[in-house]
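S.K.: Could you work out the structure for the sequence below:
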Amino acid sequence: MLRIGRRRGLLWAAAAAAVLLGFAVWYNQRVDVVGRITLRSWGGEVSVPQSALAMAYPRRAIVTALRQRLASLPAARGLAEERHAEAMRLWREKSTARDEALRVVQVAERANAADLALCRELYDKAEAGAKEAFAELERRAAGLEGLADPAGLLRDLPGAVDTVEVGPDGSFMLAARVGQAPVVVVLAGEAGGGQAWLRPIQTRVAGRIEMDFANENLLTMDGLREVAGLPRSRHDQ
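M.R.: Numbering: from 1, shown residues only. Predicted coordinates for the structure are as follows:
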């Protein structure tokens, strides 16, 4: 009986090892994703982004990261709205001061006042202050808009298993593993915004997959929430 028990134990161990080995072999099968970006304007002209990055993520990793970012979105939006409102108030204040300084200069010019040079100097300072305030307002507006932009939420997302720059012809190739249930992310444009694509790889075997990225399958905030397994939000449409 002892020998039979040992044999059964060995058989179970061998079977478990075979299963683990089979899983490891399946998991590590390579998938090559060959992608191409093609953008078409309203007039029918075809172009490719001047700067774009393609990345492959394990599905579990990207879902976890997206849920964390989307969960923090309401607080981030509230802070961004406060900063934008403050920047707007400051710009209006500086603009009013500039307009008043301009009126003083115009009166001084008509009267050929002795302090004309000083009036012009004060106007130059007021003009510089208004320009600086407007630049800050634009930065705050861009930050607020970026919170409703899928590309902004996907930038600097951790956990990519492969990252490549998209070529000047809009093409790229990524390598991933079958068991990762990989997801392809493509970002085009500057850090403050741009276009984004997110597409799961539908395969359970090794091989080569070709994907097209175009205007028609650009990522939306609703699509981003769907990937994360979250309901739609009226604020993120």
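
S.K.: who does the longest strand anywhere in the chain pair up with?
M.R.: Assignment by DSSP state E gives strand 30-40 as the longest strand of the chain. Taking DSSP bridges as the criterion, strand 30-40 forms sheet pairs with strand 46-47 (antiparallel), strand 171-177 (antiparallel), strand 207-214 (parallel).

S.K.: Off-centre distance for it?
M.R.: In terms of C-alpha atoms, centre = their mean, to the nearest Å, the centre of strand 30-40 is found 18 Å from the chain centre.

S.K.: Could you check it and say which residues are buried?
M.R.: Going by neighbour count (16 or more other C-beta atoms under 10 Å), the buried part of strand 30-40 is 31, 33, 35-37, 39. In this view, the C-beta of every residue, glycine as well, is placed from N, C-alpha and C.

S.K.: I figured residue 41 was touching residue 214, is that so?
M.R.: No. With contact defined as C-beta atoms under 8 Å, residue 41 does not count as touching residue 214 (11.8 Å).

S.K.: Compare the two and say which one has the larger neighbour count.
M.R.: residue 214 (14 against 9; other C-beta atoms under 10 Å).

S.K.: For the nearest residue to that one once chain neighbours are set aside, give me its contacts.
M.R.: In this structure, residue 214 finds its nearest non-sequential neighbour in residue 38, 5.2 Å apart by C-beta to C-beta, 6 or more residues apart in numbering. Residues near residue 38 by C-beta atoms under 8 Å, 6 or more residues apart in numbering: 46, 48, 170, 212-214.

S.K.: now residue 38: how far from residue 148?
M.R.: 25 Å (C-beta to C-beta, to the nearest Å).

S.K.: now residue 81
M.R.: Separation of residue 81 from residue 148 (C-beta to C-beta): 12 Å.

S.K.: can you tell me which helix or strand residue 69 belongs to?
M.R.: Assignment of secondary structure by DSSP states H and E places residue 69 within helix 59-71.

S.K.: Check which helices and strands that helix sits against.
M.R.: Under the contact criterion of 3 or more C-beta pairs under 8 Å, 6 or more residues apart in numbering; DSSP states H and E, helix 59-71 touches helix 150-154, strand 183-188, helix 221-227.

S.K.: of these, which approaches residue 107 most closely?
M.R.: Residue 107 sits nearest to helix 150-154 of all these, at 47.2 Å, using C-beta to C-beta.
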